[in-house]
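Visitor: Prediction below, plus the sequence it came from.
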Amino acid sequence: MKKTVLVLLIFPVFFLSSCVTNPFPKVQLVDISGMDPNVVTKQFEDKITKNFEALQSFTIHFFGKEMTGLGYLSVNDETQSFSLTCMTLMGVRLLTIQKDPNGLKTEYSFSGEDNQPEILTEIAKDINRIYFDWTPSPTAALKRSRCKFTFNQKNSEGGKTRFVFGGSNANLIEKQVMDKGSRVVIQYYNYLNSPQAFYPQGIFLSNKKYHYKLIIRTKEFHVD
């Protein structure tokens, strides 16, 4: 598998945006109480596609502004690595985020909010939270309801991660990463289910601490 690369073509203008709501249809919950939660998570872990390339649109809403881009994403779960390069339509690089076993690195070449470097670091962490760690550990605490299986566990960041499975196929529909003063909510929609791939085609992320939202729509999906 080639090195993870995410290239975004970013419009160099930030547009004013109104209050942002989740654009994806709400997941229809059904009775899954007769299913085995351990089987549900094991089956999901086995079928989710972890190494892939995709053409996706990205929209970030923060501080009443909107930034939209289009890019190619390649994910390598084996090396737990990715890189994100944001560019204008003229090919000018605005932002680079890299993650490998040695950690996260961010570089930017445009002016903006005073706390921008901190926000960019948080976005890098959120990208990592979206595309890695799809299922809970075997020791996660389970809370069952008629329509959801909710798992809670401690994470490597010193906080707690919550996984919620539900819907007609009992897929992962939500992941929350929580710590003191912060909460990131990731919601997954419209899973692509084909003989070659299984992957959510819509993702909505809300970062409560930094007050930004990220909307991802998959246009094309390829598996090596």
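Guide: Perfect, thanks for sending it.
Visitor: tell me the contacts of Ser57?
Guide: 68-70, 216-217, 219 (Cβ atoms under 8 Å, 6 or more residues apart in numbering). From N, CA and C alone the C-beta is placed, and that goes for glycine too.
Visitor: Can you name the residues bridging to it?
Guide: Leu70, Arg217 (DSSP bridges).
Visitor: As a check, name the ranges of all helices in this protein.
Guide: Counting by DSSP state H, the chain has helices at residues 37-47, 116-131.
Visitor: Can you mark which positions in the longest one are buried?
Guide: Counting neighbours by 16 or more other Cβ atoms under 10 Å, one finds that the buried residues in helix 116-131 are 119-120, 122-131.
Visitor: hang on, the earlier thing: can you tell me which of the contacts of Ser57 is closest to Pro195?
Guide: For those, the minimum distance to Pro195 (Cβ to Cβ) is 20.1 Å, reached by Lys219.
Visitor: Count residues in the vicinity of the closest residue to the closest one other than its chain neighbours, would you?
Guide: Take Lys219 and drop its neighbours on the chain: the residue closest to it by Cβ to Cβ, 6 or more residues apart in numbering is Leu55, 4.4 Å away. Neighbourhood size, Leu55 [other Cβ atoms under 10 Å]: 14.
Visitor: For Gln196, see how far away Leu55 is.
Guide: 16 Å (Cβ to Cβ, to the nearest Å).
Visitor: What is the least confident helix or strand in the protein?
Guide: strand 15-16 (a mean of 45; mean pLDDT, DSSP states H and E).
Visitor: pLDDT below threshold where in the protein?
Guide: 1-19, 71, 87-94, 108-117 (pLDDT under 70).
Visitor: if you set the cut-off to 50 instead, what comes out?
Guide: For the chain, residues meeting the criterion pLDDT under 50 lie at 1-17.
Visitor: Tell me where it has strands.
Guide: Read by DSSP state E, the chain holds these strands, from start to end of the chain: 6-10, 15-16, 52-62, 65-75, 82-87, 93-100, 103-108, 141-144, 148-154, 160-166, 171-179, 182-193, 198-207, 212-222.
Visitor: hey, C-alpha coordinates of the fifth one in PDB?
Guide: The one in question is strand 82-87. Only the C-alpha atoms of strand 82-87 are listed here, as PDB (Å, rounded to 0.1, in the frame of the first residue of the first chain):
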ATOM      1  CA  PHE A  82      -1.700  10.000   6.500                       C
ATOM      2  CA  SER A  83      -0.800  13.300   5.000                       C
ATOM      3  CA  LEU A  84      -3.000  16.200   4.100                       C
ATOM      4  CA  THR A  85      -2.000  18.900   1.600                       C
ATOM      5  CA  CYS A  86      -4.400  21.700   1.000                       C
ATOM      6  CA  MET A  87      -4.000  23.700  -2.200                       C
END
